[in-house]
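can you look at this prediction? I've put the sequence above it.
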Amino acid sequence: MGRIICVANQKGGVGKTTTAVNLVASLASLRRKVLLVDIDPQGNATMGVGVDKHNLENSSCEVLMGDIQLIDAIVSSPEAGFDVLPANSDLTAAEVGLMNATLKEKRLSLALAGAKERYEFIVIDCPPSLNMLTVNALVAADSVLIPLQCEYYALEGLSALLSTIKQIRLSRNEKLGIEGILRTMHDPRNNLANEVSAQLIHHFNDQVFRTIIPRNVRLAEAPSHGLPILLYDKSSRGSTSYMALAGEFLRRDEKREQTAM
Ligand code: ATP
Ligand code: MG
């Protein structure tokens, strides 16, 4: 049975999409069967894997509205070896449409239920807010992966996100766990970043991934070519760090399964 991992942080530009795209691509290169789900109206993950968001026949919007089945909206990325549920700005309308819909918070969960048998991992890229789309992802997910840029206000934002996760756990999805906190765009020459990083380890210890994603210009360039970093520049530091993340992610996953048995 597959696991659903939601990549979330209400703060914008912290590396959610970069992490979702490159974790999925790295897992696919390790022969895991993975699905990338874009539920951000910006459609950055969609474009980042080379799918044109302006020319989508079907997308996560129609799936959330219950107009079509998940399978009819999935696009394969044969070169990269994984599947994508794409998104575009139509999703903004879906968010409004969901307001008065029945089971409005469970739409994504219901849509992905069958897919858990076909994929080992389903990774959801969330928009930068705690809106109905993100709530749908949190209700569908088994765990949350939190990308975090080690800056002054990062920890404050993190506690708001953790309290939302707690609320969702209490009211709508008791299985929701924390996959891990990932330090992104890290610059070791920045003293403040090192300080915040140390505080993070102090407070959250094992919940923090040991892999750190460095600031790397190749990672910033890759999306404009519609390619995950692994296909854009395999030898870059960005690529090796996301491969290391995939390795750590799988080791933690195995450990979790063993303790659950
Ligand atoms: P949003 O909240 O808007 O969805 P996000 O959290 O998904 O943003 P990204 O889009 O992944 O963040 O990253 C923001 C910008 O920073 C992008 O231009 C991306 O290419 C760049 N970027 C992300 N990670 C890195 C990195 N490690 N090194 C350099 N640039 C990066
Ligand atoms: Mg994004």
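Thanks, I have the structure now. Ligands and ions are numbered 1, 2, ... in the order given.

show me where the stretch 151-261 of the chain has helices.
154-171, 191-204, 217-221, 229-232, 237-260 (DSSP state H, counting those that start in this stretch).

which parts of the longest one are buried?
The reference is to helix 237-260. Using 16 or more other C-beta atoms under 10 Å as the test for burial, helix 237-260 gives 237-246, 249-250, 253. For every residue, glycine as well, the C-beta is placed using N, CA and C.

residue 97 sits in which helix or strand?
Under the criterion of DSSP states H and E, residue 97 resides in helix 90-98.

roughly how far is that helix from the heart of the chain?
Chain-centre distance of helix 90-98: 20 Å, with C-alpha atoms, centre = their mean, to the nearest Å.

for the helix or strand just after that helix, C-alpha coordinates in CSV please.
Next along the chain after helix 90-98, taking DSSP H and E as the criterion, comes helix 107-112. Only the C-alpha atoms of helix 107-112 are listed here, as CSV (Å, rounded to 0.1, in the frame of the first residue of the first chain):
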residue,chain,number,x,y,z
ARG,A,107,-12.1,15.4,-2.2
LEU,A,108,-8.4,14.7,-2.8
SER,A,109,-8.3,11.9,-0.2
LEU,A,110,-11.2,10.2,-2.0
ALA,A,111,-9.6,10.8,-5.4
LEU,A,112,-6.3,9.3,-4.4
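
in its sheet, what does the following helix or strand past helix 107-112 sit against?
Using DSSP H and E, the helix or strand that follows helix 107-112 in sequence is strand 121-125. When pairs are called by DSSP bridges, strand 121-125 turns out to pair with strand 3-7 (parallel), strand 34-38 (parallel).

please identify the most buried of those strands.
Of the strands paired with strand 121-125, the one with the most neighbours on average (mean count of other C-beta atoms under 10 Å) is strand 34-38, at a mean of 29.

what angle sits between that strand and helix 90-98?
Counting by axes from the mean of the first three to the mean of the last three C-alpha atoms, to 10 degrees, strand 34-38 lies at 80 degrees to helix 90-98.

show me what strand 34-38 is in contact with.
Strand 34-38 is touched from outside by 20-21, 24, 27-28, 44-46, 49, 60, 74, 82-87, 108, 112, 115, 118-125, 137, with contacts defined as C-beta atoms under 8 Å, 6 or more residues apart in numbering.

equivalent analysis for stretch 98-108, please.
So stretch 98-108 is in contact with 37, 39, 63-66, 110, 124, 132, 135-137, 139-140, 172, going by C-beta under 8 Å, 6+ apart.

list the contacts for residue 83?
Taking C-beta under 8 Å, 6+ apart as the criterion, residue 83 is in contact with 34, 35, 36, 74, 75, 76, 77, 119.

now render the strands paired with strand 121-125 as a markdown table, adding distance to ligand 1.
Putting the strands paired with strand 121-125 into a markdown table (distance: least, C-beta to the nearest ligand atom, whole Å) gives the following:
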| stretch | distance to ligand 1 |
| --- | --- |
| strand 3-7 | 8 |
| strand 34-38 | 10 |
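
reformat these as JSON lines; add distance to residue 206 and mean pLDDT.
JSON lines is the format used below for these (distance: least, C-beta to C-beta, whole Å; pLDDT from 0 to 100):
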{"stretch": "strand 3-7", "distance to residue 206": "17", "mean pLDDT": "98"}
{"stretch": "strand 34-38", "distance to residue 206": "24", "mean pLDDT": "98"}
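
mind checking which of the ones you listed is nearest residue 183?
In terms of C-beta to C-beta, the element of the strands paired with strand 121-125 nearest to residue 183 is strand 3-7, at 14.1 Å.

circling back: how about the helices of the stretch 151-261 of the chain, which one is nearest ligand 1?
Nearest to ligand 1 among the helices of the stretch 151-261 of the chain is helix 217-221; the distance by C-beta to the nearest ligand atom comes to 3.6 Å.

distance of the closest residue to residue 30 other than its chain neighbours relative to ligand 2?
Nearest non-adjacent residue to residue 30, counting by C-beta to C-beta, 6 or more residues apart in numbering: residue 246, 6.1 Å away. Between residue 246 and ligand 2 the distance is 19 Å, computed by C-beta to the ion, to the nearest Å.
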